[in-house]
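Student: fold the following and give me the result.
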Amino acid sequence: MEESPLIIRDVQDLERILLAHPAWRERLRQLLLSEDLAALPQRFERFVTQDHARLSQTLEQVGELLARLTEENIKLAQQVNLLTQRMERVEAQIEALTQRVNDLTERMERVEAQIEALTQRVNDLTERMERVEVHIATLTQRMDRVESQIEALAQQLKRNTDDLGELKGIILELRLPRKAVALYREEFRAIRVVPEEEWARLLDEGEEKGYLSGPEISDLSQVDGVIEAFRRSDNHPVALAVEVSAVGDRQDVERAARRAKLLARLYSRLRGYPVIGIGSVTARQFTQGARKLASVRGVVLKTFPIKLR
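Tutor: As a prediction, this is how the structure comes out:
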């Protein structure tokens, strides 16, 4: 059966024909629509299947972001409240500080008044000081004259001291032999002061035999006196290196201790048996330092009134 010819008289005929031929519809759509419009259904389908999912994910992320922003906004509001409270406290502190500044300003004004009064006093004192300086200058001149006189007296005293040193040997020679027993008999017996000539021979013999070196002989020869005796506690022979001084000090104690060691070596070599060397200082009086050092170094201190009679 032959189909009737397709006659299009109006839109209804075109619609009927397109309904009867689906393929024509597609072809007509391609002719009538642009490529973008033709692809719109596929793009919409992709949107529904792909873009919509991404959009949903994005919306979900946006929702989370909004939630975080809301939470942060709440925190910010809390911080604002805290800052507001702190600001109120700061304002109260500023008010208190302002009051303190006002108080300090009043005190400063009083201090400035006091400073002004002190400045006046300083000026008065400056004038008085200038007068004192003039007086000091006068006193300085007088002091210079006094110092010159003192220097002259010091030189005279030095000469007298030197003379006293020269007299010390004479005094020792005259009085030590007579006073030695009285001074040392409590600790020693058979006390004998070595005469000067005998002492010189002992030194010469010690130097010739090499018992002491030249410097040691020179040092020992300057001892003020040498005493031979026996110690009462154990009857041991001893030799005392005696230093005589008006005022016994640490230097006298050091010399006595040093020369006592040399004396022990010399006597032990000369006698052929051990002789104990003991340092001793005799003086009119002793310094505190001499007494302390003597107790450490084993030096015997004896009060010996040096007088020229």
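
Student: any stretches of this protein with poor pLDDT?
Tutor: 1-5, 33-40, 47-48, 51-53, 55, 140, 144, 146-175, 305-309 (pLDDT under 70).

Student: how far off centre is stretch 19-31?
Tutor: 107 Å (Cα atoms, centre = their mean, to the nearest Å).

Student: C-alpha coordinates for that stretch, PDB please?
Tutor: These are the backbone C-alpha positions of stretch 19-31, laid out as PDB (Å, rounded to 0.1, in the frame of the first residue of the first chain):
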ATOM      1  CA  LEU A  19       5.500  12.500  15.200                       C
ATOM      2  CA  ALA A  20       5.300   9.800  12.600                       C
ATOM      3  CA  HIS A  21       9.000  10.100  11.700                       C
ATOM      4  CA  PRO A  22      11.200  10.300  14.800                       C
ATOM      5  CA  ALA A  23      14.400  10.400  12.800                       C
ATOM      6  CA  TRP A  24      13.200  13.500  11.000                       C
ATOM      7  CA  ARG A  25      12.800  15.200  14.300                       C
ATOM      8  CA  GLU A  26      16.400  14.700  15.100                       C
ATOM      9  CA  ARG A  27      17.500  15.800  11.700                       C
ATOM     10  CA  LEU A  28      15.200  18.900  11.900                       C
ATOM     11  CA  ARG A  29      16.600  19.600  15.300                       C
ATOM     12  CA  GLN A  30      20.200  19.600  14.000                       C
ATOM     13  CA  LEU A  31      19.200  22.000  11.200                       C
END
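
Student: just the CA trace of stretch 195-208, in PDB.
Tutor: Extracted as PDB, the C-alpha positions of stretch 195-208 are listed here (Å, rounded to 0.1, in the frame of the first residue of the first chain):
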ATOM      1  CA  PRO A 195     132.900  35.700 123.000                       C
ATOM      2  CA  GLU A 196     133.400  37.700 119.800                       C
ATOM      3  CA  GLU A 197     136.900  36.400 119.100                       C
ATOM      4  CA  GLU A 198     135.800  32.800 119.500                       C
ATOM      5  CA  TRP A 199     132.800  33.300 117.400                       C
ATOM      6  CA  ALA A 200     135.000  34.800 114.600                       C
ATOM      7  CA  ARG A 201     137.200  31.600 114.700                       C
ATOM      8  CA  LEU A 202     134.100  29.400 114.500                       C
ATOM      9  CA  LEU A 203     132.900  31.200 111.400                       C
ATOM     10  CA  ASP A 204     136.300  31.000 109.800                       C
ATOM     11  CA  GLU A 205     136.600  27.300 110.400                       C
ATOM     12  CA  GLY A 206     133.000  26.700 109.100                       C
ATOM     13  CA  GLU A 207     133.800  28.600 105.900                       C
ATOM     14  CA  GLU A 208     137.200  26.900 105.400                       C
END
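
Student: residues contacting it, please?
Tutor: Glu173, Val194, Tyr211, Leu212, Gly214, Ile217, Leu220, Ser221, Val226, Leu266, Arg269, Leu270 (Cβ atoms under 8 Å, 6 or more residues apart in numbering). Bear in mind the C-beta positions are built from the backbone N, C-alpha and C, glycine included.

Student: mind listing which of the residues you listed are in helices?
Tutor: Counting by DSSP state H, the part of the contacts of stretch 195-208 found in helices is Glu173, Gly214, Ile217, Leu220, Ser221, Leu266, Arg269, Leu270.

Student: dump the residue contacts of the second one.
Tutor: In this case it means Gly214. When contacts are counted by Cβ under 8 Å, 6+ apart, Gly214 touches Glu207.

Student: one more: the third one?
Tutor: For Ile217, the contact set (Cβ under 8 Å, 6+ apart) comprises Leu203, Gly206, Glu207.

Student: mind doing that once more with 6 Å?
Tutor: Taking Cβ atoms under 6 Å, 6 or more residues apart in numbering, we find Ile217 in contact with Leu203, Glu207.

Student: gap between it and Asn123?
Tutor: Separation of Ile217 from Asn123 (Cβ to Cβ, to the nearest Å): 74 Å.

Student: picking that back up, ok, so of the ones in helices among the contacts of stretch 195-208, who is nearest His21?
Tutor: For these, the residue nearest His21 by Cβ to Cβ is Gly214; the value is 152.8 Å.
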